[in-house]
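**Q** Got a predicted structure plus its sequence, pasted below:
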Amino acid sequence: MRRNLAARMGVWSAHHRKTAIIGWLLFVVLATVAGGASGMVEMSESEQGTGDSARAQKMLDDAGLDRPAGELVLVSSRTAGGWKDTARDLAAAIGKTGEAAEVEPPLASGNDREALIRFEIKGDAKTAADRVQPVLDAVRDTAAGRDGVEVHQFGQASAEKWLGDLLSEDFQKAEFTAVPLALGILLVAFGAVVAALLPVALALTACMAAFGLLSLASHQLHLFQTTYSVMFLMGLAVGVDYCLFYLRRERDERAAGHDADTALRIAAATSGRAVLVSGVTVMMAMAGMFLSGLMLFKGFALATILVVFIAMLGSVTVLPALLAWLGDRIDAGRLPFLNRRKKKGVHESGAIAGAVLKPVLNRPKLFGLGAVAVLLVLAAPALGMKTEQLGMEKQFGSDSALSVAHKKITQAFPVGPEPALVVVTADDITAAPVREALAGFDNVTVHTARNIAEIEVNLPGNGSDDRSEAALAELRDTTVPAAFDGTGAQVRVGGELAESVDFNDQLKRGIVPVFVFITAVTFLLMLLCFRSYVIAVTSILLNLLSVAAAYGVMTAVFQHGWGASALGTEAVGAIEGWMPLFVLVVLFGLSMDYHVFVVSRIREARDRGADTRAAISEGIRRTAGAVTGAAAIMVAVFAVFGTLSMQDMQQMGVGLAVAVLLDATVVRMVLLPSVMALLGERNWRTPRGLRWLPSMEHGEGPPAAGQGRHAAPVPAGR
């Protein structure tokens, strides 16, 4: 019988370890250097949105009507007029930087305790953040040491500069926190320094290569600024997990008494195959984001597919080569107090899992219903989930410097909500029908040379409530079409509210095809892998319960504020608009890591002749250590992202960490064995109409011709 693909790749890599290792290093270096040289291209403002509002912004971009980046500096004092000297000095210092234009005289507030200095940053607004630092320095230095006076700055350039620095700091924090955490967990799992370092090193090199390739790809598909953070989160978690599964099986087989080449062959044929199936399933699930209709998700899809593919490839190629080269040196740096492996390869975690499983398998209906009840209770808050594109104060927290500056400025100099922006283009913007239509609006700016006009329309309400949305709908559906009917002009309605409405509408439309795609892909891959529609259907149902529980926890914490302070965050009254779809796709993909690994081991025992309950017990006990370690790493990595500054990163980190924790405990240890025990032999039945599906080996299988006991062994280091 021929070996499966993973086994053939593993054995080839072990026999050609120098080629595999050097090839991997060259690939990582070339991808990293090429990506660094090309740089990443971020998506434009119009590419971030969708619908009418995105087309309105695109019309302005095409016409070259990019407004200069505006800045505001607020000077406040305890006494009336106490701001004057500071404001005068600030205006002079800002002007001397050479980066500011149109510096207006200080505007006093009604109580004469505040003054506002308005100005613009010279040059292209898209790159203003790169040139604003001298202005920030001038404001800081001038305001230093002024008693009784507060100075706050806010604007497009300063906000983008602040955000860019924040993202860079957050990414470094995530990297320097998540990696040591993963390494510490692996030290506990393997009890040896080299065995712990290997998965982390492979995961990091996979991330480096993926970063480089993603930068190259960004010249065709522009990316959102947080895409690299998402890629690193996925790459580190998945890369370490895949290596852990593979390495743990190889170590278990060695501890069971197999020689080096047999242990490596078994690990390649079993865990290697599970890694391939899991990786393909994750990538296919991520591909569903291409159906969302939003460039944001297309970038996320490309990033996660790249890093999962590279991590999967490294796990089944360079990892076997390294294992063959290291041999028993993989246990170098053994830490006796952490190494819990017993002589016969039995782990303490397996004993614990066996103790948990015994009552579950004895009373599967009771424990199954209990697990479902727990997950449904956790999911209940999701019924009232509210989504929106979080504004700056919600995104960065009410006590962040940027939010404080914005709040103080708007309190001292209140303005109404952001108006709707109607953009009009025509072959001749001065034609009589177009002029007549424009005359029916206030606040019209006509750019005759570019044949385009901008109309600002104030909306009732607070700019995001039902009144504002109803007014926007009337403007789009009735007022604008009636005014420009028959003029031949192209008219689009944009603005802050329109962008939010269009984005949320597209998400609602996009989540249906995405959900259908990922459920269909999961069903087909599980059906192909296990030749059982029962396993395929239960896989989907278990995933949905995990996702629903994650939604409920996110809603409870970030919308209602239950336990938010304990997690170091705050309630913002809503979930970031793109989060539900992203979490759905990611969890559907990641949960397959454990599901394929565990069910493959159960099926392996079943194929050896064990009955279903015995196979369930053996499969879960033997995978308990790897699943526990992998889940701990994923939870730790995701939890790190839950501590970052941006609200969307916090929501993503907490949601994914909770979901993985539940998936690896309640679902895999209680619900999965309960359901499989209740189904019994029905788990493995293949309907007559599906018996044409190929049968896949879940164990190491019999040796291939010429690969019996006297076959040439895999070269192993000593």
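**A** Okay, I see it.
**Q** pLDDT wise, what is residue 2 at?
**A** Per-residue pLDDT puts residue 2 at 47.
**Q** What helix or strand is residue 422 located in?
**A** strand 420-425 (DSSP states H and E).
**Q** Quick one: residues contacting the residue nearest to the spatial centre of the chain.
**A** In the chain, the centroid-proximal residue (C-alpha atoms, centre = their mean) is residue 230; its distance is 3.9 Å. Residues counted as contacts of residue 230 (C-beta atoms under 8 Å, 6 or more residues apart in numbering) are 300, 303-304, 652. Using the backbone N, CA and C atoms, a C-beta is placed for each residue, glycine as well.
**Q** The same query, at a cut-off of 6 Å, please.
**A** The neighbours of residue 230, taking C-beta atoms under 6 Å, 6 or more residues apart in numbering as the test, are residue 300.
**Q** and it, how far is that from residue 668?
**A** According to C-beta to C-beta, to the nearest Å, residue 230 and residue 668 sit 25 Å apart.
**Q** try residue 434
**A** Distance check for residue 434 against residue 668: by C-beta to C-beta, it reads 65 Å.
**Q** neighbour-wise, which of the two wins?
**A** Neighbours were tallied for residue 434 and for residue 668 using other C-beta atoms under 10 Å; the higher tally belongs to residue 668 (26 against 23).
**Q** Could you pull up the residues touching the more buried one?
**A** By C-beta under 6 Å, 6+ apart, residue 668 lies in contact with 594, 598.
**Q** Confirm it sits in a helix?
**A** Yes: counting by DSSP: H, G, I helix; E, B strand; the rest coil, residue 668 is part of a helix.
**Q** and the gap between it and residue 603?
**A** Counting by C-beta to C-beta - residue 668 and residue 603 are separated by 15 Å.
**Q** Any regions of this protein where pLDDT drops low?
**A** 1-3, 337-351, 415-416, 689-718 (pLDDT under 70).
**Q** all strands of it, in order?
**A** Taking DSSP state E as the criterion, the chain carries its strands at 69-77, 100-101, 107-108, 114-121, 149-155, 387-388, 420-425, 444-447, 452-457, 490-494, 575-576.
**Q** how big is the angle separating the fourth one from strand 149-155?
**A** Between strand 114-121 and strand 149-155, the angle formed by their directions is 30 degrees, by axes from the mean of the first three to the mean of the last three C-alpha atoms, to 10 degrees.
**Q** And strand 114-121, how far out from the chain middle?
**A** Distance of strand 114-121 from the chain centroid (C-alpha atoms, centre = their mean, to the nearest Å) equals 37 Å.
**Q** The longest one too?
**A** Average the C-alpha atoms of strand 69-77, do the same for its chain, and the two points are 35 Å apart (C-alpha atoms, centre = their mean).
**Q** Quickly run through the sheet partners of that strand, with directions.
**A** Sheet pairing of strand 69-77 (DSSP bridges) gives strand 114-121 (antiparallel), strand 149-155 (antiparallel).
**Q** Among the ones you listed, show me which one is buried the most.
**A** Mean neighbours per residue, mean count of other C-beta atoms under 10 Å, is largest over the strands paired with strand 69-77 for strand 114-121, with a mean of 22.
**Q** contacting residues around that strand?
**A** Here strand 114-121 has contacts from 68-76, 83, 87, 91, 100-104, 106-108, 128, 132, 157, 412-413, using C-beta under 6 Å, 6+ apart.
**Q** try it again with 7 Å
**A** For strand 114-121, contacts defined as C-beta atoms under 7 Å, 6 or more residues apart in numbering pick out 68-76, 83, 87, 90-91, 94, 99-104, 106-109, 128, 131-132, 157, 412-413.
**Q** most distant residue from the middle of this structure?
**A** Farthest out in the chain is residue 432, which, by C-alpha atoms, centre = their mean, sits 51.3 Å from the centre.
**Q** I'd like to know how far that residue sits from residue 447.
**A** 18 Å.
**Q** again, but for residue 267
**A** Residue 267 is 67 Å from residue 447, by C-beta to C-beta.
**Q** Give me the more crowded residue out of those two.
**A** Counted by other C-beta under 10 Å, residue 267 and residue 447 do not tie: residue 267 has more neighbours, with 29 against 15.
**Q** what's that one in contact with, if anything?
**A** 246, 249-250, 253.
**Q** Looks like residue 382 contacts residue 550 (just checking).
**A** No: with contacts counted by C-beta atoms under 7 Å, residue 382 stays clear of residue 550, the gap being 8.6 Å.
**Q** Settle it for me: which of the two has more neighbours?
**A** residue 550 (29 against 20).
**Q** what about the more buried one, distance to residue 506?
**A** In terms of C-beta to C-beta, residue 550 sits 22 Å off from residue 506.
**Q** Repeat that for residue 663.
**A** The value you get for residue 663 to residue 506, if C-beta to C-beta is used, is 29 Å.
**Q** which of these two has more neighbours?
**A** Ranked by neighbour count (other C-beta under 10 Å), residue 663 and residue 506 place residue 663 first, with 30 against 19.
**Q** give the contact list for the more buried one.
**A** 546, 591, 594.
**Q** my read: the second one touches residue 541, true?
**A** No: proximity of residue 591 to residue 541 does not meet the contact threshold set by C-beta under 7 Å, at 11.5 Å.
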